[in-house]
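Build me a structure from this.
(2 chains)
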Amino acid sequence: MSLLEVNDLRVHLFTDRGVIKAVDGVSFAVEAGRSLGIVGESGCGKTMTALSLMRLIPQPPARIVSGSIRFDGEDVATMAPDRLRALRGNRIAMIYQDPMTSLNPVFTVGEQIAEAVRLHRRDGRTAAWARAVEVLRLVGIPDPDRVARSYPHQLSGGMRQRAVIGIALACDPKLLIADEPTTALDVTIQAQILELLRRLQGELGTGIILITHDLGVIADLVDDVIVMYAGKLVEHAPVRQLFAAPRHPYTNGLLRSVPSLETRERRLQTIDGTVPPAHAMPNGCRFNPRCTLVQDICHAQEPPLNDVGGGTQAACWALV
Amino acid sequence: MNIPISKLTAIGAGLSLLLILLAAFSPWIAPLDPLDQSFIAANQGPTVEHWFGTDSFGRDVLSRVLFGGRVSLAIGILAPVLSALAGVWAGMLAGYLGGWTDRLLSRASDLLMSFPTLLLGVMIAAALGPSFQSAVIAIAVALFPRFVRLSRSATQVVRREPFIDASIAAGRGTVSILFHHILPNIAGPLVVALSLWIATAIRLEAALSFLGLGAQPPTPSWGNMIRDGMSDLVGDPWPAAFAGAAITVSVLAFNMVGDALRDLLDPETGL
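Numbering: from 1, shown residues only, chains lettered A, B, ... in the order given. Down below sits the predicted model:
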C-alpha cells in the first residue's frame, strides 16, 4: 500500500459567479521515501491539490466534492477535525513558498520549532529546545545554538528557509509537501535547498511532494511527475521519461519553453494563449484552443488518461 | 517638535507613574483627612497650612485632590483594562473567524458605537444607579466597541500572513493561534490605544461624577469636586481649579505616553 493514495479528487470553488472546478478528477500515489513533482502554470490547480491533502483549502468557498485521500490507511477527506489537527505538522508537514513571511516575526526560530514539537509530543521545554537545535543542525545550519536564539529578521533568506524546513521536519513527518520552496530564493541558495531536500529524503525516508512551475527544480529532485492543466491531470510519468519523451502537447510545450545551454535557438518557443478563465472552459479537451495538434475529436470529447507506454500516462487524443 | 521621542516618553511615563503613586499612597502623603470639616477654615485660598486652599466645608483641597485621584485614576485605569480584556478577544474572534461570528460581533459593536461615548456612559451609569462599580462598568462598556474594532482590523491584517497558514498546517487549533500568533503581533497598537483610552476614561469618569453618577459624596473624586466647587466658583474657585488641573495633568500625561508609544511602534501612520 502506498503512503498516500489520491483517488479521483475533485475540489470545487463555489463563488457568486458559479462553480469553479479547481481540481477535477485527479488521482496519484506517493510511496514512502519517494518524491512526486506537480507542475503546471499558475491557476492549474496544483496548489489546491496540495492544500487538499491536509484539508487546508479555504472553506468556504472551496470544498472537496468527491474523491478520497488515503494517507496511511485513513481518509483525510472525511477525517474528524481533532484527528486532522493531530495529522497536520506531525505526520504530514508543509513548507511554504516565502520564508520571509512563513515565520512569526515576534518569536525566535528556536521557540517556533520547539512549539511545533510540543504541539504533537509530550516533550518538556528543555527536550523541545534540544530537538529544535538538533533539527537546525539537521538542515545544515552552522552554529545552530546561536540561530535557535535568533529572530527571523536576523537571518538571511536561505537560513530562514532552512529554519522553515526545520519546523516541518520537527516531528519526523512521513510526508513533506513543499509548495514552491525555492521560488523566493536566489539561484545559489535554491540549489542548496534542493540538495538539502534530496539529502533528507535519503536519510529520513520521507515522502516528498514538490509543487513548482520550475521544470529545472523537478528534474533535480523528483522520481515521478504529474503535469496539471486547468484542474486536470494531463500527464503522469517517471521524471526521465517525461524529459526524454513528453507525450502530451502541453508538457511538450512546457519543456520547449525552457532555455537550454546545449542547443542554440534563435527564439524561445512559447505556448500560445493563456489558460482559459474557469467559467469559460472549452468543450472536450481543455487544452484545445492552445494546442498545435488539435483534431475534431478534441472539441467533442474529453480525452481519458491512458497508459501510453514507457510508464507514462497521458490524457490526449493526438499524442506527441 | 524638537523634543526627542525618548524624552517625551520619559516625561509622560514619569508623570503618569508619579500621579498613580501619589494616588495610591495618598493616606500617607495627604497632610489632612480629606473628610475633616472646619467651619472656621472654610473657603480659604492657598495658605501655608492648606497649600491648595479649602472648600466650602473647610476641607483641605490638597488632601481631597490626592484622595480623589484614588477614585478617578482607579476607575480611569480599571475600566479600560477590563474593556480591553473583553474587547480584544471579541475583536480577535471576529477578525479571525469572519462569517457569522464577525457579523454578529461587529453589528453589536456598531450599535454601541452609534451612541456618543459620554451619552452611553451616562445611560448605563444611570440605569445601574450611581456608584464606583457602575462607573467602571459604564466606561468599560462605552469603550468596548473601540477595542473590538481595533483588534478586529489588526487581526484581519495578521490573519493574511503566511505564518498563520503555516501554523494551521502545523496542527494548531484556533484558540492557540489567537493566543500565540495573533495577540503578540497586534499587541503594539493595542498598548498604544490602551494608554490613550485611559486618558479618555479619566475624562469620562470626571464627567460622570460631575453629573453625580460616579463615586458618591463625601468620597472625593475629581469630578465631584468640580461639581461641589461649581456652586461658588467666584467666591472660592480653588477646589474646582485644582481638581480640574489634576484631570488636565493626568489626561495630558497618559496622552503623552500614548503618543510617544505610537511614534515608537509605528513611525509612519497614526492610529
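
going forward, measure contacts and count neighbours with C-alpha atoms only.
OK.

Show me which residues of chain B are close to chain A?
B:161-164, B:166, B:168-173, B:181, B:184-185 (CA under 8 Å from any CA of the partner chain).

Just put those residues in TSV and tack on pLDDT.
Formatted as TSV, the residues of chain B next to chain A follow (pLDDT from 0 to 100):
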residue	pLDDT
B:Glu161	87
B:Pro162	85
B:Phe163	88
B:Ile164	90
B:Ala166	87
B:Ile168	88
B:Ala169	87
B:Ala170	86
B:Gly171	86
B:Arg172	88
B:Gly173	87
B:His181	90
B:Pro184	90
B:Asn185	90
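
any idea how far the nearest residue to A:Cys291 once chain neighbours are set aside is from A:Ala315?
Leaving aside its sequence neighbours, A:Cys291 sits nearest to A:Pro249 (CA to CA, 6 or more residues apart in numbering or on different chains; 6.7 Å). For A:Pro249, the distance to A:Ala315 equals 10 Å [CA to CA, to the nearest Å].

which of those two has more neighbours?
Using other CA atoms under 10 Å in any protein chain shown as the criterion, A:Pro249 and A:Ala315 rank with A:Pro249 on top: 25 against 22.

quick one: secondary structure of residue 188?
Defaulting to chain A. helix (DSSP: H, G, I helix; E, B strand; the rest coil).

could you do chain B instead?
helix.

Please list all residues in contact with it.
B:Gly188 makes contact with B:Leu265 under the criterion CA atoms under 8 Å, 6 or more residues apart in numbering or on different chains.

State the pLDDT value of it.
pLDDT for B:Gly188: 87.

Roughly how far does it sit from chain A?
For B:Gly188, the distance to chain A equals 11 Å [CA to the nearest CA, to the nearest Å].

And the helices in the chain?
Picking chain A for this. Using DSSP state H, the helices of chain A run over A:46-52, A:81-87, A:109-120, A:125-138, A:144-148, A:157-169, A:187-204, A:215-221, A:239-244, A:249-256, A:296-300.

hmm, I had chain B in mind actually
Going by DSSP H, chain B shows helices at B:5-24, B:26-29, B:61-97, B:99-113, B:117-128, B:132-159, B:162-169, B:174-177, B:183-210, B:222-230, B:238-265.

separation between the residue nearest to A:Cys291 and A:Val6?
Taken as CA to CA, the span from A:Pro249 to A:Val6 is 25 Å.

Check A:Thr270 too.
32 Å.

Which of these two has more residues huddled nearby?
Legend: neighbour count by other CA under 10 Å for A:Thr270 and A:Val6, higher for A:Val6 (22 against 12).

pretty sure A:Leu169 is touching A:Ala93, no?
Yes - with contacts counted by CA atoms under 8 Å, A:Leu169 reaches A:Ala93, the gap being 7.3 Å.

Tell me which of those two has more neighbours.
Each of A:Leu169 and A:Ala93 has its neighbours counted (other CA under 10 Å); A:Leu169 has more, 31 against 27.

List the contacts of the more buried one.
A:Ala93, A:Val135.

rewinding a little: out of the residues of chain B next to chain A, who's the most crowded?
B:Ala170 (28 neighbours).

So what would you say the end-to-end distance of stretch B:215-230 is?
With CA to CA, one end of stretch B:215-230 sits 17 Å from the other.

Please apply the same query to stretch A:262-282.
The first-to-last residue distance of stretch A:262-282 comes to 37 Å (CA to CA).

can you list contacts of it?
A:17-21, A:43, A:230, A:250, A:253-254, A:256-259, A:288-290, A:299.
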